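In: no FASTA, just this:
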């Protein structure tokens, strides 16, 4: 078959011949809108899942080294910092979600040149946004931990960890645009390769910088943040080089219409994450009186949950591209089915994780800490959270599918309302049932969000949404 001028083909040699690895343009568009849907979802989803698991492994590796070698106070400080890091990631997703929807539509319309231009504009936008976040975060660093009402020792270590992390925020934001540029085209394997390299570097740097191995100074909790910043910068640089080589990004004048379209689509989802993070920061005030072990246990629970969250996020990234391209091609029924099929896929790991949490919760908690009190409370949280795993997967996948369709306001309003209810409910439950009451509030509101996303997807309101630049 002849190769059109607007198509870029990257080939990899094998003994049996030449295999296409990444193809953008007409042929890749055909794969997303015409090949069997279940196979298409798996083809895009599995590499995306691996990529998102590697992304969460950044934090999991940090917490493992911090909890095992620096103690429960340092683990609690990293946990408190992660809530602010969630907020930072949510802001970065403004560009990522908007770019995925916009560029996927352009690929679905068989216009890869315009998609490449949108990726370049989004990359500039994301770096500027990341620089602003880094500046304001650094200026407000002391206040960020004061509002959480954590112990002074936790606040001191938390400021060191988060302050160092903020230094790499601009290029960290840039990588979100790089990642979205690949995925909007239907390529989920390249981000996986890039992240594999960067996580390998992280696993080497973490113990060296945290413990001061060899000639390196012992930096403690700051060393973990430095390792993450270095590897995220590496991932961004590699991604830009590959995108440019494949003609999947082009730079020029940044158009207001593009920035407005990206912001319009991405802002509601970003605000959902920002509100979610802020609510958890407020919740920390309810958890802090129960002691350092309770706050550290929450961090352990979130690390275990993050494995399912990131699996769902990976499949969600794949289905967002599929929905966007199929709507661009007029295949509405296929776009709808892709959401439900993907939910079915994430149910499998959700059930497996729930069984493990119910049966070996203390073993999970023991991975991150040697402290008996933290292990006990962490195991208690994991047993309760096992009940919401199926709903968590549905929420993440369908929210991503709605983002791919350009419909982000209804899920934002619904998710924000349900998450906001955690604050008064947690205050009431903490006074009446103790820390266990807070755990139940978190789990039940998470289940409600999953059910709400399913109802919004079923309503079909997203089918009438246009995404213009």
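Out: In hand now; what should we look at? Predicted, not measured: the structure shown is a model, and the values here were computed from it.
In: Run the chain-centre distance for the helix or strand residue 192 falls within.
Out: Following DSSP states H and E, one finds residue 192 within helix 189-211. Averaging C-alpha coordinates over helix 189-211 and over its chain gives two centres that are 17 Å apart (C-alpha atoms, centre = their mean, to the nearest Å).
In: elements contacting the host helix or strand of residue 171?
Out: Here residue 171, judged by DSSP H and E, is contained in helix 169-184. In this structure, helix 169-184 packs against helix 37-69, helix 72-108, helix 112-139, helix 189-211, helix 221-245, helix 292-328, with contacts taken as 3 or more C-beta pairs under 8 Å, 6 or more residues apart in numbering; DSSP states H and E. Just so you know, the C-beta spots here come from the backbone N, C-alpha and C atoms, and that holds for glycine as well.
In: As TSV, these with mean pLDDT, mean neighbour count and distance to residue 368 would be great.
Out: TSV is the format used below for the helices and strands packed on helix 169-184 (pLDDT from 0 to 100; neighbours: other C-beta atoms under 10 Å; distance: least, C-beta to C-beta, whole Å):
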stretch	mean pLDDT	mean neighbour count	distance to residue 368
helix 37-69	72	21	4
helix 72-108	81	26	7
helix 112-139	89	20	26
helix 189-211	81	19	14
helix 221-245	84	21	13
helix 292-328	78	26	5
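In: Please name whichever of those is nearest to residue 260.
Out: helix 72-108 (9.6 Å; C-beta to C-beta).
In: Now do the closest one and helix 221-245, the angle between them.
Out: Computed with axes from the mean of the first three to the mean of the last three C-alpha atoms, to 10 degrees, the direction of helix 72-108 lies at 10 degrees from that of helix 221-245.
In: between helix 72-108 and helix 189-211, how many degrees?
Out: 160 degrees.
In: quick check, distance from helix 72-108 to the centre of its chain.
Out: A distance of 5 Å separates the C-alpha centroid of helix 72-108 from that of its chain, computed with C-alpha atoms, centre = their mean.
In: What of stretch 380-391?
Out: Going by C-alpha atoms, centre = their mean, the spacing between the C-alpha centre of stretch 380-391 and its chain's C-alpha centre is 20 Å.
In: Give me the mean pLDDT for it.
Out: Average pLDDT, stretch 380-391: 85.
In: quick one: contacts for the closest residue to residue 168 other than its chain neighbours?
Out: Counting by C-beta to C-beta, 6 or more residues apart in numbering, the nearest residue to residue 168 once its immediate chain neighbours are dropped is residue 229, at 3.1 Å. For residue 229, the contacting residues are 164-165, 167-168, 172, taking C-beta atoms under 8 Å, 6 or more residues apart in numbering as the criterion.
In: Same list as before, these that is, but in a markdown table and with neighbour count, pLDDT and distance to residue 220 included.
Out: Rendered in a markdown table, the data for the contacts of residue 229 read as follows (neighbours: other C-beta atoms under 10 Å; pLDDT from 0 to 100; distance: C-beta to C-beta, whole Å):
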| residue | neighbour count | pLDDT | distance to residue 220 |
| --- | --- | --- | --- |
| 164 | 20 | 86 | 11 |
| 165 | 25 | 85 | 14 |
| 167 | 16 | 85 | 16 |
| 168 | 21 | 84 | 18 |
| 172 | 26 | 84 | 22 |
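In: other SSEs contacting the helix holding residue 192?
Out: Applying 3+ C-beta pairs under 8 Å, 6+ apart, one finds that helix 189-211 contacts strand 17-24, helix 37-69, helix 169-184, helix 221-245.
In: could you give the angle of it to helix 292-328?
Out: Using the same axes, to 10 degrees: helix 189-211 against helix 292-328 is 160 degrees.
In: Compute the inter-axis angle for helix 189-211 and helix 169-184.
Out: Inter-element angle recorded for helix 189-211 and helix 169-184: 150 degrees (by the same axes, to 10 degrees).
In: coming back round to it: quick one: which of the helices and strands packed on helix 189-211 is nearest residue 363?
Out: helix 37-69 (14.1 Å).
In: just to revisit the earlier point, tell me the one of the contacts of residue 229 nearest residue 107?
Out: Proximity to residue 107 was ranked across the contacts of residue 229 by C-beta to C-beta; first place goes to residue 172, at 25.3 Å.
In: Chain neighbours aside, what residue packs nearest to that closest one?
Out: With sequence-adjacent residues excluded and distances taken as C-beta to C-beta, 6+ apart, residue 172 is closest to residue 232, at 4.7 Å.
In: With residue 169 instead?
Out: residue 134 (3.9 Å).
In: Residue 415 contacts residue 399, doesn't it?
Out: Yes: applying C-beta atoms under 8 Å, one finds residue 415 in contact with residue 399, separated by 7.2 Å.
In: When these two are compared, which one has more neighbours?
Out: More neighbours surround residue 399 than the other of residue 415 and residue 399, with 29 against 26 (other C-beta atoms under 10 Å).
In: do you know how far that one is from residue 342?
Out: 12 Å (C-beta to C-beta, to the nearest Å).
In: what's the overlap in contacts for these two?
Out: residue 316.
In: Common neighbours of residue 415 and residue 399, please.
Out: Residues touching both residue 415 and residue 399 (C-beta under 8 Å, 6+ apart): 272, 453.
In: what's near enough to touch residue 426?
Out: Residue 426 neighbours (C-beta under 8 Å, 6+ apart): 283, 286, 437-438, 441-442.
In: per-residue confidence at it?
Out: Confidence at residue 426, expressed as pLDDT, is 85.
In: Can you point out the buried residues in the strand or helix carrying it?
Out: Element membership for residue 426 (DSSP H and E) is helix 422-433. With burial defined by 16 or more other C-beta atoms under 10 Å, the residues of helix 422-433 counted as buried are 422-423, 425-427, 429-430.
In: Following it in sequence, what is the next regular element?
Out: Counting by DSSP H and E, the element after helix 422-433 in chain order, helix or strand, is helix 435-459.
In: by contact count, what packs against that next one?
Out: Identification of packing neighbours for helix 435-459 by 3+ C-beta pairs under 8 Å, 6+ apart yields helix 256-287, helix 332-368, helix 372-385, helix 389-404, helix 409-420, helix 422-433.
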